[in-house]
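> The following comprises the amino acid sequence and a computationally predicted model.
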Amino acid sequence: MSPVATRTARPSLALLQRIDRFPRWGLSTLSVLTIGLGMLFVQYDIFNINVSFVQTCVQIIGGCTAATSDQFIGLPIFLSLLGYGVGALVLGPLSDRFGRHRLLIIAMVVTGLGSLYSTFAVDETHFALSRLITGIGIGADLAIINVYVSEVAPRRMRGRYTSVLFFMAALGSALGIWLGLFLTTPMTPWPEGLPFAVASDSFTSGWRWVYGVGAILAAVSLVLRIALPESPRWLISRGHHDQAAGVIARMEQLATRRSPLLPEDEQAKVPVPAQEMSTLRAIRELLTSPLYLRRLVVLGLAWLLGYITIYSFAGAFTSVLVRQGFSPAEAGIVSAVGLGGFLIAALVARSVVDRLERKWWMLVGALITVAGALVVAVGGGSPAIVFAGAVILFFGQNLWVPAQYALTAESFPTRFRTTAYALADSIGHVGGGLGVFLLVGVLSQLPLLGTLLGLVAFLVVGALLNLLAPRTRDQMLEEISS
């Protein structure tokens, strides 16, 4: 290393070590709420189509009935996830060049406009395009949020704080499902439906209200994001040491209100020179480095296979159950109750995610998901058994996600962390969307057991592939990827 780079590296390392010595992360309650609201909106948008699409399909797609809605749901889900890939690949890497803060704001603007477009869609084409636009914003947002959290959290607690935000995501999914159930299904006695649901022959536009609420959530989140600090790691990577020092000082003041700084880590001696790097140069380094390219392929394919399972259940579980003979209200209730497993997974992950190496969590979740699918399939006419199976299924398929968010962000250096995360996540989302588009309608023709196990099988294969990912738990980011 040159003398100039060495002189630059010393203050950089000292600043980064201060972040890792925080006893808790140094964000204000409002900042945590702001980031969490973004995650809430992401999952709200993913799940709001699950129950509400049956009504959407009947209202604006010619030839669609409740019983055949599963044949039409693939296109909007695919375009939404295609948008995720486009947003992550186009807007995500720009955050490596222009900063996390600016692109978090831009991503939410795009997301809100997409939701507003969905609210007023008049036919299948406009609805599908609105899902594409919304997906572009969400794809960028998902990549940047998880990179941002990994960069501001102390190393010993990165998984924990990712899981805290994932709990907000779980709340968003619950809001999307239950609001859809309330607004788009008819009043039906429990447990076949929701006794106070409002859909009727005279009220068939509940699905528009579902997307309208999404636009409101985006507007609120946008206003709050203005006050977020820039990532100090990004500032250091661009050579803005004075600004980074100011951000870290404010974070340290919040982090040490109740507990002092942790002891200095004498083993951390990784140099961190400032690096100016264009987006194209970052992508070129990523794709030509054997180490990082291997990580990208492993993580991208693992996400792809995992997302096939996740989005099949997140976006189409209700339609699949309707195809199997459940009424729309009854199927919606199963999805809504099952989301309790998502909430439980987010709570459990917060406590345990940092106790096991990140890459193992996907396999743990896959095995639990298989168990849940079996319980749902053998539940027969017992609502209690089907509900229990749905809870187990949603618990398993979501338990591994916060660990995988952290693992993906931790596996690449700051100079192109968002670019790499965006590529891996885009491979996952586009592949998952294509999988849902091609598989759900086909597999739903099988008996329920075959349908569920066929969809879960992709998660199992992805979990086995994920074991090739690097070890990252409790390591300084600059030690994992210098």
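Yep, that arrived. Since we're looking at a predicted model, the values are computed, not measured.
> alpha carbons only for contacts and neighbour counts from here, please
Noted.
> I'd say Ala346 and Phe166 touch.
Yes. Shown here, Ala346 and Phe166 form a contact pair, counting by Cα atoms under 8 Å, at 5.9 Å.
> Of the two, which one has the most company?
Of the pair Ala346 and Phe166, Phe166 is the one with more neighbours under other Cα atoms under 10 Å, namely 30 against 27.
> Going by secondary structure, Tyr292 is in what exactly?
Element membership for Tyr292 (DSSP states H and E) is helix 290-323.
> Quick check: mean pLDDT of that helix?
Averaged across helix 290-323, the pLDDT comes to 87.
> and it, what other elements does it pack with?
When contacts are defined as 3 or more Cα pairs under 8 Å, 6 or more residues apart in numbering; DSSP states H and E, helix 290-323 packs onto helix 29-60, helix 279-288, helix 328-352, helix 383-399, helix 417-443, helix 448-466.
> The following helix or strand past the last one: which residues count as buried?
Sequence order places helix 477-480 as the next helix or strand after helix 448-466, per DSSP H and E. Residues of helix 477-480 classed as buried under the neighbour-count rule (16 or more other Cα atoms under 10 Å) are 477-478, 480.
> And stretch 461-470, by the same measure?
So stretch 461-470, judged by 16+ other Cα under 10 Å, has buried residues 461-463, 465-467, 469-470.
> ok, and what's touching the strand or helix carrying Val247?
According to DSSP H and E, Val247 maps onto helix 241-255. Helix 241-255 is contacted by residues 11-12, 15, 18-19, 22-28, 229-233, 235-236 when judged by Cα atoms under 8 Å, 6 or more residues apart in numbering.
> Going by distance to Gly114, which of the buried residues of helix 477-480 wins?
Looking at the buried residues of helix 477-480 and their distance to Gly114, the nearest is Leu477, at 34.6 Å (Cα to Cα).
> what about this structure, any weak spots by pLDDT?
Scanning the chain for pLDDT under 70 picks out the ranges 1-13, 265-279, 315, 380-381, 440-441, 482.
> From Ile73, how far out is the residue nearest to the spatial centre of it?
In the chain, the centroid-proximal residue (Cα atoms, centre = their mean) is Leu142; its distance is 5.6 Å. To Ile73, Leu142 is 23 Å away according to Cα to Cα, to the nearest Å.
> which residue packs closest to Ile19, ignoring adjacent ones?
Pro154 (5.7 Å; Cα to Cα, 6 or more residues apart in numbering).
> and that neighbour, how many neighbours does it have?
Neighbours of Pro154 under the rule other Cα under 10 Å: 27.
> ok, it - contacts?
For Pro154, the residues meeting the contact criterion (Cα under 8 Å, 6+ apart) are 19-25.
> and those as CSV, adding secondary structure and distance to Gly38?
Putting the contacts of Pro154 into CSV (DSSP: H, G, I helix; E, B strand; the rest coil; distance: Cα to Cα, whole Å) gives the following:
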residue, secondary structure, distance to Gly38
Ile19, helix, 23
Asp20, helix, 25
Arg21, coil, 27
Phe22, coil, 24
Pro23, coil, 25
Arg24, coil, 21
Trp25, coil, 18
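> Name the surrounding residues that touch stretch 89-103.
Applying Cα under 8 Å, 6+ apart, the external contacts of stretch 89-103 come out as 107, 140-141, 143-144, 148, 225, 228-231, 234-235, 277-279, 414-419, 422-423, 426.
> how far does it sit from the chain's center?
Mean-position distance between stretch 89-103 and its chain equals 17 Å (Cα atoms, centre = their mean, to the nearest Å).
> Show me what counts as buried in that stretch.
89-97, 99-101, 103.
> repeat for stretch 57-77
Taking 16+ other Cα under 10 Å as the criterion, stretch 57-77 shows 57-61, 64-77 as buried.
> from the chain's centre, how far out does it sit?
25 Å.
> Could you tell me the end-to-end distance of that stretch?
As for stretch 57-77, its first-to-last residue distance stands at 13 Å under the measure Cα to Cα.
> go on, stretch 197-206?
The distance separating the two terminal residues of stretch 197-206, taken as Cα to Cα, comes to 10 Å.
> follow-up on the earlier one: mind checking which of the contacts of stretch 89-103 are buried?
107, 140-141, 143-144, 148, 225, 228-231, 234-235, 278-279, 414-419, 422-423, 426.
> hmm, back to that, so which of the buried residues of stretch 461-470 comes closest to Gly340?
Ala463 (23.1 Å).
> Tell me which residues touch the closest one, please.
Applying Cα under 8 Å, 6+ apart to Ala463 gives the contacts 302, 306, 360, 362-363, 366.
> Scan those and report the most crowded one.
Gly306 (31 neighbours).
> ok, that residue - contacts?
For Gly306, the contacting residues are 428, 432, 458-460, 462-463, taking Cα under 8 Å, 6+ apart as the criterion.
> at 6 Å what do you get?
459, 462 (Cα atoms under 6 Å, 6 or more residues apart in numbering).
> what does Thr34 give?
For Thr34, counting by Cα under 6 Å, 6+ apart, the contacting residues are Leu224.
> now with 10 Å?
Applying Cα atoms under 10 Å, 6 or more residues apart in numbering, one finds that Thr34 lies in contact with 28, 40, 220-228.
> sorry, back to before: now the buried residues of helix 477-480 in a markdown table, please, with extra columns for distance to Glu410.
Listed next are those as a markdown table, based on distance: Cα to Cα, whole Å:
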| residue | distance to Glu410 |
| --- | --- |
| Leu477 | 6 |
| Glu478 | 9 |
| Ile480 | 7 |
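> quick one, phi/psi of the nearest residue to Ala128 once chain neighbours are set aside?
Beyond its immediate neighbours in the sequence, the residue positioned closest to Ala128 (Cα to Cα, 6+ apart) is Pro76, lying 4.8 Å away. Recorded main-chain torsions at Pro76 are phi -60, psi -30, according to degrees, to the nearest 10.
> Kindly report the same for Ser200.
Its backbone dihedrals place Ser200 at phi -160, psi -180, with angles given as degrees, to the nearest 10.
> same deal with Pro186?
On the backbone of Pro186 - angles per degrees, to the nearest 10 - the values are phi -80, psi 160.
> Measure how buried it is and give me the count.
Residue crowding around Pro186 was assessed by other Cα under 10 Å; the count is 21.
> Likewise for Arg281?
12.
> go on, Val348?
Val348 has 15 neighbours, counted by other Cα under 10 Å.
> contacting residues around it?
Applying Cα under 10 Å, 6+ apart, we find Val348 in contact with 163, 167, 342, 395, 399.
> any chance you could map the helices in the stretch 151-300 of the chain?
Remark: helices assigned in the stretch 151-300 of the chain by DSSP state H, counting those that start in this stretch are 158-184, 206-225, 232-237, 241-255, 279-288, 290-323.
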